[in-house]
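Visitor: pasted the sequence and its predicted model underneath.
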4 protein chains.
Amino acid sequence: MQFIVNPADGLPIYRQIMRQITEAIAAGRLKGGDQLASHRDLSEQLVIAPLTVKKAYDELEALGYISSQRGRGTFVCARQPRVNAVDRREQVQQAARQLLTQAYLAGLKIPEVIEILKKTDRELTQEERK
Amino acid sequence: MQFIVNPADGLPIYRQIMRQITEAIAAGRLKGGDQLASHRDLSEQLVIAPLTVKKAYDELEALGYISSQRGRGTFVCARQPRVNAVDRREQVQQAARQLLTQAYLAGLKIPEVIEILKKTDRELTQEERK
Amino acid sequence: MQFIVNPADGLPIYRQIMRQITEAIAAGRLKGGDQLASHRDLSEQLVIAPLTVKKAYDELEALGYISSQRGRGTFVCARQPRVNAVDRREQVQQAARQLLTQAYLAGLKIPEVIEILKKTDRELTQEERK
Amino acid sequence: MQFIVNPADGLPIYRQIMRQITEAIAAGRLKGGDQLASHRDLSEQLVIAPLTVKKAYDELEALGYISSQRGRGTFVCARQPRVNAVDRREQVQQAARQLLTQAYLAGLKIPEVIEILKKTDRELTQEERK
DNA sequence: GTGGTCTAGACCACC
DNA sequence: GTGGTCTAGACCACG
């Protein structure tokens, strides 16, 4: 799997990595049981400190998305974390609000936003898999 | 206008305030010329340090959303700032990606996401104005 | 609150700290809203690296026991984490099994174990509070 | 005797095996002279590397719980190791502290904890022997 | 090889 | 002052 990080992005590097992994899981490009690159390898690829990648992995593990096994590697969990359904819904709502705010500021109307959403969906789910 | 801040939210408090003001402007609940509460009043209302509100106002002023007028108060600008169209588009895209990620993880399909989006739009634009 | 760490204990230092904090919360010596020492101060007290204390705090935060607030400090959460009741029960069971195993190996009988338990309970809850 | 290992448990696999064997000895389900499965058989049964089982057996042998006899197999020792009484007591104390912490966090009071302890004791000592 | 822990610094953002 | 992030090493434990 390919990662891209941008140290000047505002969002901390470890969160950029977390985001890309959760997006890949959500879109089905990463499936339960898939092995991730070791945090050392990935840190070399991205030219950042190993601990930075490790922190991303650690947080994802605490959230239940992935599982590290000493001496073996790090893997995507088969069962995605059971989050309170209400919390989930709340997060979706908030993401919807943010999208709408950005869209309003860009002068877009609802039909255009829906078009962008569909197009983005196609991109996310059709990206080639490793 | 009502504000809600949550010190444990991860997002800095001053950014929570900025977000709520820009959301309100984007949704049309705040219009050019509307007066904002003074940063002292707002800080008392939210039980936070006055400097925190001031920082939010300062940043919004630097971005061109609002304007402070010595001795009179702080007002929403009539002409909202022109942001680079490409940047705007990029932010919309990113918000769309985040919404889709949250939606996938909640097990929602595109049609359901669109429903939520429409409903949220109605909520955002119909909220009563202060 | 006083902490003691032993680098040669086998248990990682950051887990020793986590254990002492959760014990204190469980026993009521730390209550919701109480402020913890800054990770820098505590690291000086214990003569260890600040990151080590920070890791303990980070994990406790991920578990929902404490909450860090930038610029203000770190505080015990008012509402303890809602863990699945079944998981809770399972953890208690496992702790009970471990205690019994240790007790068997020490040649103790159930009545003696219960005595130790009661005595330990008194120690945990009666330790003077800071 | 049945073993269960969980690679994602945090506790290293070889320690999980060690724990189950010492628990069985402590509870009387394994007695001096009983033969253990060969490390090869056990590794096949648990679908783990033979070296992992071997390490568990090696450590138990070093501690004096079991004894490997070239060409014959591995057996539980008749006389269990004499561990420093103070260390033993210390371990019992620590296990008691952990149990109480988990119990407090689960909202249990001492009488309930004692009930669970008694029930667990019956389960541990009454498990059928292979 | 893998992950797990720890150090001793640094700089930034926030209140 | 507080917490948040990052670096560039080190050594250990595990499979």
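Guide: Okay, I see it. Because the structure is a prediction, the values reported are computed rather than measured.

Visitor: let's verify A:Phe75: helix, strand, or coil?
Guide: strand (DSSP: H, G, I helix; E, B strand; the rest coil).

Visitor: for A:Ala78, give me its contacts.
Guide: By C-beta atoms under 8 Å, 6 or more residues apart in numbering or on different chains, A:Ala78 lies in contact with A:Gly32, A:Gly33. Where you see a C-beta, it was placed from the backbone N, CA and C, and this is true even at glycine.

Visitor: name the helix or strand for it, please.
Guide: In the assignment (DSSP states H and E), A:Ala78 maps to no helix and no strand.

Visitor: the helix or strand hosting A:Asp121 and chain B in contact?
Guide: A:Asp121 is part of helix A:110-126 when elements are defined by DSSP H and E. Yes: under the criterion of C-beta under 8 Å from any C-beta of the partner chain, chain B is reached by helix A:110-126 at A:Ile110, A:Val113, A:Ile114, A:Ile116, A:Leu117, A:Lys118, A:Thr120, A:Asp121, A:Leu124.

Visitor: any bit of the helix or strand bottoming out on mean pLDDT in chain A sitting next to chain B?
Guide: Least confident helix or strand, chain A: helix A:85-105 with a mean of 88, by mean pLDDT, DSSP states H and E. Yes: applying C-beta under 8 Å from any C-beta, one finds helix A:85-105 touching chain B at A:88-89, A:91-93, A:95-105.

Visitor: what residues does the residue in chain A that chain C sits nearest to make contact with?
Guide: Ranked by C-beta to the nearest C-beta, the top residue of chain A for proximity to chain C is A:Ala62, at 4.2 Å. Under the criterion of C-beta under 8 Å, 6+ apart, the neighbours of A:Ala62 are C:Glu59, C:Ala62, C:Leu63.

Visitor: what is the three-state secondary structure of the second one?
Guide: Pointing back at C:Ala62 there. Going by three-state DSSP, the secondary structure assigned to C:Ala62 is helix.

Visitor: which parts of chain A sit against chain D?
Guide: Residues of chain A lying near chain D (C-beta under 8 Å from any C-beta): A:Ser67, A:Gln69, A:Arg70, A:Arg72.

Visitor: in strands, which of these appear?
Guide: Per DSSP state E, strands hold the following members of those: A:Ser67, A:Gln69.

Visitor: remind me which residues of chain A are low pLDDT?
Guide: A:127-130 (pLDDT under 70).

Visitor: name the residues of it found near DNA strand F, please.
Guide: A:7, A:12-15, A:48-52, A:55, A:69-72 (C-beta under 7 Å from any atom of the strand).

Visitor: can you give me every residue that contacts A:Asp34?
Guide: Contact analysis of A:Asp34 by C-beta under 8 Å, 6+ apart lists A:Phe75, A:Val76.

Visitor: wait, A:Glu112 sits on A:Leu99?
Guide: No: using C-beta atoms under 8 Å, A:Glu112 is not in contact with A:Leu99; the gap is 11.7 Å.

Visitor: of those two, who's got more company?
Guide: A:Leu99 (29 against 13; other C-beta atoms under 10 Å in any protein chain shown).

Visitor: flag every residue of chain A that's near chain C.
Guide: When proximity is defined by C-beta under 8 Å from any C-beta, chain A lies next to chain C at A:Glu59, A:Ala62, A:Leu63.

Visitor: picking up where we left off before, just the buried ones from the residues of helix A:110-126 next to chain B?
Guide: Buried members of the residues of helix A:110-126 next to chain B, counted by 16 or more other C-beta atoms under 10 Å in any protein chain shown: A:Val113, A:Ile114, A:Ile116, A:Leu117, A:Thr120, A:Asp121, A:Leu124.

Visitor: what sits against A:Thr120?
Guide: B:Gln93, B:Ala96, B:Arg97, B:Leu100.

Visitor: what separation do you get for it and B:Val113?
Guide: Counting by C-beta to C-beta, to the nearest Å, the gap between A:Thr120 and B:Val113 amounts to 11 Å.

Visitor: overlap in contacts of those two?
Guide: Common neighbours of A:Thr120 and B:Val113 (criterion: C-beta under 8 Å, 6+ apart): B:Leu100.

Visitor: quick revisit: distance to A:Leu42 added to the buried ones among the residues of helix A:110-126 next to chain B, as CSV?
Guide: Formatted as CSV, those follow (distance: C-beta to C-beta, whole Å):
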residue, distance to A:Leu42
A:Val113, 34
A:Ile114, 36
A:Ile116, 31
A:Leu117, 30
A:Thr120, 25
A:Asp121, 27
A:Leu124, 21
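
Visitor: among these, which one lies nearest to DNA strand F?
Guide: Minimum distance to DNA strand F across these is 23.6 Å, recorded for A:Leu124 (C-beta to the nearest atom of the strand).

Visitor: which residue is the nearest non-sequential neighbour of the closest one?
Guide: Nearest residue to A:Leu124 in three dimensions, chain neighbours excluded: A:Ala27, at 4.4 Å (C-beta to C-beta, 6 or more residues apart in numbering or on different chains).

Visitor: what of A:Val53?
Guide: A:His39 (4.1 Å).

Visitor: that neighbour: what's it in contact with?
Guide: By C-beta under 8 Å, 6+ apart, A:His39 lies in contact with A:Pro50, A:Val53, A:Lys54, A:Tyr57, A:Thr74.

Visitor: equivalent analysis for A:Ala106, please.
Guide: For A:Ala106, the contacting residues are B:Ala85, B:Arg88, B:Arg89, B:Gln91, B:Val92, by C-beta under 8 Å, 6+ apart.

Visitor: out of these, which is most surrounded?
Guide: B:Val92 (25 neighbours).
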